[in-house]
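Undergrad: Predicted model and sequence below, questions to follow.
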Amino acid sequence: MRVFIAGIDGYLGWPLAIYLSAHGHHVAGADLLLRRKWVAEVGGVSAQPIASREERLRAFEDAFGRSLDFRVGDLTDYGFVKDLFRDFQPEAVVHLGQMPSAPYSMIDQAHCVWTQQNNVVNNLNLLWAIQEVAPDAHLVKLGTMGEYGTPNVAIPEGFFEVEFRGRVDRLPFPRQAGSWYHQSKVHDSHNTHFASKIWGLRATDIMQGVVFGTRIYEMGDDLRLRSRIDFDQCFGTAINRFCCQAVIGHPLTLFGLGKQKRGFLPLKDSMTCLRLAIENPPEKGEYRVFNQFENAYTVTELALMVRAVAADIGIAAEIRQYENPRAEMEEHYYQPDRQRLVDLGYEPTGDIKSVMKEMMLDLLENRDRIEAHADVLIPDIRWEGGRRRSRVIG
Ligand code: USQ
């Protein structure tokens with residue numbers, strides 16, 4: 001299948017290009033290389049060194065014996081997007097090309113507005129380009145489990161049947177985002193749903209949980225194919241940060257009570273799920289929603305697992321509670337469904353400790369890089385506004 005990846009240079013986009021190519025798909029993509037700039041802006045660095053775009057292209061050619069059409073450009077520039085679609089004629093479009101960090105979107109007015117403008121406009125451009133140039137193409141849009149928030153009832157996959165004043169309907173499940181970034185994804189969901197309805201587009205909106213992992217099998221031993229892994233307060237997500245912290249002997253940073261529960265999934269599960277969505281497109285005019293995660297865990301459960309795995313490889317990791325810089329419920333009900341991908345053949349990894357071990361062994365080789373940037377481990381971006389470093393509370 002001809003698959004276009006928007007955001008092909010990112011944490012998910014680059015592994016997906018390799019993974020889909022290894023599974024026989026014809027891939028092309030675009031990226032403005034902004035992730036590299038954002039991480040530098042917040043003082044971070046990828047714990048694993050990553051190759052430049054040019055080195056990545058050479059490594060791809062060495063691995064697959066063909067060149068990769070990976071263009072540098074801005075998805076908010078409609079002319080750029082339309083030209084790409086005319087040249088490549090995609091059958092599937094995977095949209096991973098957005099600003100993905102909740103804390104980054106909370107820094108100040110400029111970061112909030114930029115995040116929403118960039119994310120909402122570039123998704124609209126992809127929708128328009130599909131409708132004008134490739135109307136049969138299937139949009140696989142990366143949303144987030146965080147769109148739902150943490151309601152005190154079970155979370156279905158996008159829609160639920162509701163009875164109100166004696167009448168019944170199937171309606172979108174309420175979205176209650178927890179950051180300006182998550183809110184941008186809610187806008188995207190509404191726009192994508194609307195576009196499917198009026199233009200008859202096919203779309204899968206992926207409500208993905210928090211991804212972790214340093215590599216996928218298909219990267220082999222070529223270090224130029226490796227993905228980035230961030231550990232700063234903005235682009236480092238919980239398990240990735242905990243593993244980086246463990247290997248340098250920094251306490252694992254639990255925010256607040258640490259009883260916040262989220263869906264998590266290894267990088268390789270994310271790749272499998274995206275492939276299943278791509279290879280099983282919906283009918284024209286169908287907008288469907290998949291909840292995509294391996295399992296739900298509290299952050300304390302994860303920190304304890306990281307500590308246990310660290311102990312197995314001879315590292316004594318300490319867990320500490322820090323003031324929570326975010327406005328979020330620290331103890332809550334959480335029961336999201338995850339059936340539609342299983343119905344398509346997804347088999348959740350199960351043993352996530354083995355993934356954590358693989359990560360820590362990879363990260364041990366790059367301890368110096370993490371140590372040199374350890375000051376980005378303690379958060380200071382606050383949801384109530386302004387900046388103040390979180391103190392230890394327990
Ligand atoms: N947390 C800690 N300590 C840390 C980092 C995070 O306790 O050092 C806690 C946070 O308070 C939060 C939870 O872990 O309750 C998850 O935080 P995160 O930074 O791992 O993930 P989040 O900000 O929710 O965002 C990430 C990705 C985003 C994606 C989202 C999926 O950055 O792109 O949309 O995960 S979800 O969380 O399901 O919305």
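TA: Cool, got the structure.
Undergrad: got the buried residues for stretch 348-355?
TA: Neighbour-count burial for stretch 348-355 flags 348, 352, 355 (criterion: 16 or more other C-beta atoms under 10 Å). (Glycine included, C-beta is placed from N, CA and C.)
Undergrad: Would you mind checking the average pLDDT for it?
TA: Per-region confidence: stretch 348-355 scores 95 on mean pLDDT.
Undergrad: same thing with stretch 253-269?
TA: On average, the pLDDT along stretch 253-269 is 98.
Undergrad: Name the nearest residue to the residue of the chain found nearest the ligand, sequence neighbours excluded.
TA: Taking C-beta to the nearest ligand atom, the ligand has its nearest neighbour within the chain at Gly146, 2.4 Å off. Sequence neighbours aside, His182 is the residue nearest to Gly146 in space, at 4.2 Å (criterion: C-beta to C-beta, 6 or more residues apart in numbering).
Undergrad: that's a helix at the residue of the chain closest to the ligand, yeah?
TA: Yes. Gly146: assigned to a helix according to DSSP: H, G, I helix; E, B strand; the rest coil.
Undergrad: I'd say it and Arg175 touch.
TA: No. At 9.4 Å, Gly146 and Arg175 do not qualify as touching, with contact defined as C-beta atoms under 8 Å.
Undergrad: Can you pick out the residue with more neighbours from these two?
TA: Gly146 (25 against 20; other C-beta atoms under 10 Å).
Undergrad: And the residue of the chain positioned farthest from its centre, its phi and psi?
TA: For the chain, the residue at maximal distance from the C-alpha centroid (C-alpha atoms, centre = their mean) is Gly166, at 39.8 Å. Main-chain dihedrals, Gly166, degrees, to the nearest 10: phi 80, psi 0.
Undergrad: hang on, isn't Asp169 packed against Glu161?
TA: Yes. Counting by C-beta under 8 Å, Asp169 does reach Glu161; the two are 7.4 Å apart.
Undergrad: List, one by one, the residues from the chain near the ligand.
TA: With C-beta under 6 Å from any ligand atom as the criterion, the chain comes near the ligand at residues 100-102, 144-146, 209-210, 237-238, 241, 253-255, 258, 260, 262-263, 299, 326, 328.
Undergrad: okay, now Pro156: neighbour count?
TA: Count around Pro156 with other C-beta under 10 Å applied: 17.
Undergrad: And for Leu171?
TA: Using other C-beta under 10 Å, Leu171 has 11 other residues around it.
Undergrad: Would it be right to say that it lies in a strand?
TA: Yes. According to three-state DSSP, Leu171 belongs to a strand.
Undergrad: For it, name its beta-bridge partners.
TA: In this structure, Leu171 bridges to Phe160 when assessed by DSSP bridges.
Undergrad: Equivalent analysis for Leu265, please.
TA: With DSSP bridges as the rule, Leu265 is bridged to Val211.
Undergrad: With Ile206 instead?
TA: The partner residues for Ile206, given DSSP bridges, come to Leu142, Phe290.
Undergrad: Count residues in the vicinity of it, would you?
TA: 23.
Undergrad: my guess is it meets Leu276, correct?
TA: No. Between Ile206 and Leu276 no contact is recorded; they are 10.6 Å apart, counting by C-beta under 8 Å.
Undergrad: show me where the protein has helices.
TA: 13-22, 34-41, 53-64, 78-88, 102-105, 109-133, 180-199, 238-247, 267-279, 299-312, 340-343, 352-364, 367-371 (DSSP state H).
Undergrad: Of the ones you listed, flag the one that's most buried.
TA: Among these, judged by mean count of other C-beta atoms under 10 Å, the one packed with the most neighbours on average is helix 238-247 (a mean of 26).
Undergrad: Compute the mean per-residue pLDDT across that one, please.
TA: 98.
Undergrad: May I have it exported as CSV, CA atoms only?
TA: The C-alpha coordinates for helix 238-247 follow below in CSV (Å, rounded to 0.1, in the frame of the first residue of the first chain):
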residue,chain,number,x,y,z
ALA,A,238,6.7,8.9,32.0
ILE,A,239,8.3,5.5,31.4
ASN,A,240,11.0,6.9,29.1
ARG,A,241,11.9,9.5,31.7
PHE,A,242,11.9,6.9,34.5
CYS,A,243,14.3,4.6,32.6
CYS,A,244,16.6,7.5,31.8
GLN,A,245,16.5,8.6,35.5
ALA,A,246,17.2,5.1,36.7
VAL,A,247,20.4,4.6,34.6
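Undergrad: Which elements pack onto it?
TA: Contact partners of helix 238-247 among helices and strands, from 3 or more C-beta pairs under 8 Å, 6 or more residues apart in numbering; DSSP states H and E: strand 210-212, strand 252-255, strand 261-266, helix 299-312, helix 352-364, helix 367-371.
Undergrad: average pLDDT for the last one?
TA: I take that to be helix 367-371. The model assigns helix 367-371 a mean pLDDT of 98.
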